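Visitor: A structural model of the following input is requested.
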Amino acid sequence: MWPLLWITAFMASFLQPQQPAAAANVLTQNAYFVEMTRMDCVGNPTYFANLNCKILPPLNRTMEFSGEMVKSLPTLTGYLRVSLPNPKKVFTQIFDITFDVCKAIRDRNRKLLIDFLARTLARNSNVVMRCPFPKGNYNWKNISVNDLPPMLTETEFMANFDLFIPKVAVVLNVTLQGHLFDTAKENARRKKYL
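Guide: Below is the predicted model of the structure:
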């Protein structure tokens, strides 16, 4: 029960605006790493063609995403939800947030979670982060999640990320499943067996 409370409190803390210096201190510690086990991408063919996403071996800690946007998108809304397994191994949603993508790109005083997501997606990408999004080929290479704060616990997880045009259509859905590892515990396990 305590891990669930810690993770819920951590996710709720992302909803509060943070001071930039405090946010930088929290996010600079690499106490955790994510190992991904499954990644699925489904794009609306009206908006995306040649969609490809994959987890990169051998460590399964990075992923790639590419696709051709066949229509310009003047506005987008994002919806992120995170689920954890309960004791019966059934994934239960613990967190969700909906946000205006264009506003999040423009706004320098964005929430911590949105800033984390924007920085993660901006790295190793040919995407110019501005609205409207013009049609063309988009790709993200070597995306990794490695700036997690040190108050989490090791656990399985499932994250779903939807991009949609409000009251029009879902443009893209990405589902990611994996395991969050504590770096210190993983290093101790390696020392024990090596």
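Visitor: For residue 67, give me its contacts.
Guide: With contact set as Cβ atoms under 8 Å, 6 or more residues apart in numbering, residue 67 has these partners: 41, 43, 48, 49, 50, 51, 52, 137, 138, 139. No exception for glycine: its C-beta is placed from N, CA and C like everyone else's.
Visitor: For residue 131, state which of those residues is nearest.
Guide: residue 138 (13.9 Å; Cβ to Cβ).
Visitor: Just the element for the closest one, please.
Guide: Using DSSP states H and E, residue 138 sits within strand 136-144.
Visitor: if we can go back for a sec, of the contacts of residue 67 - the most surrounded one?
Guide: Highest neighbour count within those, by other Cβ atoms under 10 Å: residue 43, with 22 neighbours.
Visitor: Now the two most distant members of the contacts of residue 67.
Guide: 41 and 137 (15.2 Å).
Visitor: gap between residue 77 and residue 193?
Guide: Look at residue 77 and residue 193: by Cβ to Cβ, to the nearest Å, they are 46 Å apart.
Visitor: Give me the pLDDT for the closest residue to residue 144 other than its chain neighbours.
Guide: Excluding the flanking residues, the one nearest residue 144 by Cβ to Cβ, 6 or more residues apart in numbering is residue 62, at 4.6 Å. We have a pLDDT of 90 for residue 62.
Visitor: rewinding a little: for the contacts of residue 67, which one is nearest residue 184?
Guide: Using Cβ to Cβ, residue 41 comes nearest to residue 184 of those, at 32.6 Å.
Visitor: Nearest residue to that closest one in space, ignoring adjacent ones along the chain?
Guide: Residue 41's closest residue in space is residue 53 (Cβ to Cβ, 6+ apart), at 3.8 Å.
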